[in-house]
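Peer 1: give the three-dimensional model of this entry:
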Amino acid sequence: MSLLLAFSFAVSASAQNVVTQHNDAARTGADLGETELTPANVKGRLGKLFSLPVDGQIYAQPLIVNGVTVPGKGIHNVVYVATMKNNVYAFDADRPDEDCPLWKRNLGKPVPYQLIPWNWGSLRGQYNIKPFIGITSTPVIEQGSGRMWVVAKTMISEEDLRYYLYCLDIRSGAILATSPVIQSGDGPDKLEAKTALQRPGLLRANGLIYLAFGSHQDGGYYHGWLVAFNEDTLEQKYVFCTTPGDQSGEGGIWQAGNGPAADEQGNIYVMTGNGEFDADRDVVNPKYGSSFVKLTAQLKVSGWFTPSNYKKLSHDDIDIGSSGPMLLPNSNQLVGGGKQGWFYLLNRDNMGRLQPKHSTAPALQVFHVSSHWTLTWISWLFPVLGYHHIHGAPVYWNSAERGPLVFVWPEETPLKAYKYDPVTYFRRKPVMTGPKAPPGMPGGFLSISANGNRSGLLWAASPLNQDALVQVVRGNLRVFDANSLEQLWSTEKNTPEDIFSFAKNCPPTIANGKVYLATFSDKLIVYGLLPVPSPVPSWTTSGKPIRKGKGHGRVKM
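Peer 2: Numbering: from 1, shown residues only. Prediction:
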C-alpha cells in the first residue's frame with residue numbers, strides 16, 4: 001500500500017531544499033540557488049545567529065525542507081537533525097521556536113561503543129566512534145510526499161543489536177513504516193548489526209531506498225553490503241555483497257559518510273574499502289575489494305574498476321573506500337579518491353575492470369592530489385599512517401569566471417581546486433590552492449553555495465588544529481571565495497568565542513542564506529548574515545549630530 005501523503009507547501013520560488021547527503025544523487029555538494037550569501041557580504045557580516053540543542057553527537061548532515069505544515073504549529077521552514085542517540089529532530093530553520101523543537105522522535109536505545117567488535121585499535125582503547133552508535137548516516141527526504149527515511153542501530157540487549165529502516169512523516173515525526181530487522185545471508189556471508197556499520201548517507205532512486213554497510217574499524221568478520229528497500233512498504237528487495245563466499249572478505253562500503261551516487265538512468269555507484277579482489281577470475285563469487293563498482297537498480301554488477309596495485313591498497317590499508325564517488329555534471333564521467341591520495345577519473349559507460357600494471361588506462365586519468373607520504377617511525381611500522389587520505393568527497397562548481405572546477409581537501413594537504421573539462425579532463429596542476437589542512441585526520445569536508453555560476457562560496461568544516469581520528473576535538477568552519485580560494489571568514493578568527501566540537505566527516509549544509517553546522521557538542525549551530533550596523537553619527541562641538549555628505553565637512557577638533 002502506498003504511503004504517499006497529500007499536502008501542500010507554501011514555498012517561495014527561490015527557496016532551496018537540501019533533502020539528501022551532499023545535495024543531490026550525483027553528490028556534487030552544491031546549492032546553486034543561494035542568492036543571499038555572497039563573497040562581498042560574508043566577509044564583513046557573517047556570524048553566529050543561534051544554536052539548537054540536541055541529545056547526542058551529529059554524524060548525519062542536516063537536511064532542509066521549506067514550507068512544511070507542522071500540525072498545531074503552522075508553516076515552517078524546517079531543518080532536520082539526527083543524532084547518535086537515535087533522536088530525530090525538526091526545528092524551525094530560521095529562528096529558535098518557542099516550543100523548540102517542532103517535534104522529536106526517538107528510534108530506540110543506541111548501542112554503547114564497547115559492544116562493537118574489537119580490532120587492534122580498540123584493544124588500545126582507540127575507538128573511532130564513541131560513546132554511542134545510533135543514527136550514523138544522513139537520512140533522505142522525498143519532499144512531495146513529506147517522507148523521510150532514516151536508519152537506526154538499536155540495542156535490544158547486549159547480545160541483540162539490530163538495524164531498522166524507518167519512514168517518518170516530516171510534518172509530525174510519526175512513524176509511517178518500519179522495516180523488518182535488516183539482515184542478509186547466513187554463515188560466512190551474514191550481514192548483522194554487531195559487525196556492520198551503516199555509515200554512508202542513504203540514497204533514494206528507482207522507487208527504492210539504498211543502504212550501504214561497512215564495518216566498525218575492521219573489527220570482526222564482515223563484508224561490504226548494499227541493500228535496497230521498497231520506499232513504500234520497506235520490504236527488502238535486492239542485496240549486493242562486495243566479497244561473498246569467505247568468512248571475512250571485507251570490502252566494506254563506508255565512504256566517510258558520503259552516500260552512494262546514482263545517475264539519471266538509475267545506476268548506482270560505490271567505492272569499496274580494503275578487502276579481497278578476484279572479480280577478474282572468479283565468476284561464481286566475484287569479490288570487489290578496493291574497487292569502484294557500478295550496479296543496476298536491482299544491484300547487479302554492470303561495471304567495475306580496480307587499480308592495478310589493489311593488493312598493496314588492501315594489505316597496507318590505503319584502499320580507495322575512504323571517500324565517495326562524485327558524478328561529474330554534463331558528462332559520462334565520475335571522480336573519486338581514497339587513502340592513497342590519488343584521484344581516479346573514470347568513464348561511467350566503460351568502467352574498465354582491472355587496470356593493467358604500469359598503465360593509466362582504462363582509467364581516463366590517475367593523479368596525486370594529496371601531499372606526499374610522510375615518513376616517521378610509526379608510519380614505517382604502519383604505512384597507512386604515512387599517507388594523507390581523502391575523506392571529504394570532492395565538490396563541483398561551474399564558475400562563470402573560471403569554468404568547471406572540482407575542489408578537494410585531503411589530510412595535511414592544502415585545499416585545492418582543479419580545472420575540469422569533459423573532453424580534455426583534469427588539468428593536473430591545481431589552478432588554485434588554499435590553506436593546509438590541520439594535522440592528522442580527516443582533512444576538510446566541503447560544500448558549495450552559489451547563485452548559479454556566480455557568487456560562489458566554498459564552505460569547509462574541519463578540526464581546528466588536532467587529529468580527530470579517535471578524539472573529540474575543537475572544530476572550525478571556514479568560507480572561501482570559490483573563484484580565488486581567498487579565505488573570507490572563519491570561526492577561529494572571526495568568532496573565537498564560538499567553541500564547538502568538530503563533527504567528523506560531516507559537511508556543512510547551506511540553504512536560504514544560512515549555514516547549518518553539525519557538531520559533537522550536542523548542538524546544531526546556525527550561521528548567517530548579521531544586521532547591517534547603524535551608521536555612527538558625527539557630532540558638532542555643541543553636541544548635536546550632523547550628517548556627513550554634500551555640504552558638510554568633518555568637524556575639526
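Peer 1: separation between Tyr222 and Tyr238?
Peer 2: 20 Å (C-beta to C-beta, to the nearest Å). Yep, even glycine has a C-beta here, placed from its N, CA and C like the rest.
Peer 1: what sits opposite Leu191 in the beta ladder?
Peer 2: Beta bridges link Leu191 to Ser184 when assigned by DSSP bridges.
Peer 1: try Tyr164
Peer 2: Going by DSSP bridges, Tyr164 forms beta bridges with Ala152.
Peer 1: please apply the same query to Lys294.
Peer 2: Tyr269, Gly303.
Peer 1: circling back to that earlier point, so which of Tyr222 and Tyr238 has more stuff around it?
Peer 2: Shown here are Tyr222 and Tyr238; by other C-beta atoms under 10 Å, Tyr222 has more neighbours (27 against 18).
Peer 1: list the residues that contact the more buried one.
Peer 2: Going by C-beta atoms under 8 Å, 6 or more residues apart in numbering, Tyr222 touches 195-196, 214-215, 248, 250, 252.
Peer 1: can you tell me how far the most centrally placed residue in the chain is from Asn23?
Peer 2: Taking C-alpha atoms, centre = their mean, the centroid of the chain lies closest to Asn258, which sits 4.4 Å from it. Asn258 sits 12 Å away from Asn23, going by C-beta to C-beta.
Peer 1: and if you look at Trp118?
Peer 2: Following C-beta to C-beta, the distance that separates Trp118 from Asn23 is 37 Å.
Peer 1: which one's more surrounded, those two?
Peer 2: Neighbours per residue (other C-beta under 10 Å) separate Trp118 from Asn23, with Asn23 holding more: 25 against 14.
Peer 1: can you pull the contacts of the more buried one?
Peer 2: Asn23 touches 29-31, 447, counting by C-beta under 8 Å, 6+ apart.
Peer 1: just put these in TSV and tack on secondary structure and distance to Glu412.
Peer 2: Converted to TSV, the contacts of Asn23 look like this (DSSP: H, G, I helix; E, B strand; the rest coil; distance: C-beta to C-beta, whole Å):
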residue	secondary structure	distance to Glu412
Gly29	coil	21
Ala30	strand	26
Asp31	strand	28
Ser447	strand	21
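Peer 1: and the two most separated of those residues?
Peer 2: Across these, no pair lies farther apart than Gly29 and Asp31, at 8.6 Å, counting by C-beta to C-beta.
Peer 1: can you pull the pLDDT of Leu5?
Peer 2: Note for Leu5: predicted pLDDT of 32.
Peer 1: hang on, the earlier thing: Ala279: which of the contacts of Asn23 is nearest?
Peer 2: Distances from Ala279 to these, taken by C-beta to C-beta, are shortest for Gly29, at 29.8 Å.
Peer 1: which residues are in contact with the closest one?
Peer 2: Residues counted as contacts of Gly29 (C-beta under 8 Å, 6+ apart) are 22-23, 326, 393-396, 446-448, 507.
Peer 1: which intervals of the stretch 301-450 of the chain have sub-threshold pLDDT?
Peer 2: 373-385 (pLDDT under 70).
Peer 1: please apply the same query to the chain.
Peer 2: In the chain, residues with pLDDT under 70: 1-14, 120-124, 186-188, 373-385, 534-557.
Peer 1: what helix or strand does Asp55 sit in?
Peer 2: Assigned by DSSP states H and E, Asp55 belongs to no helix or strand.
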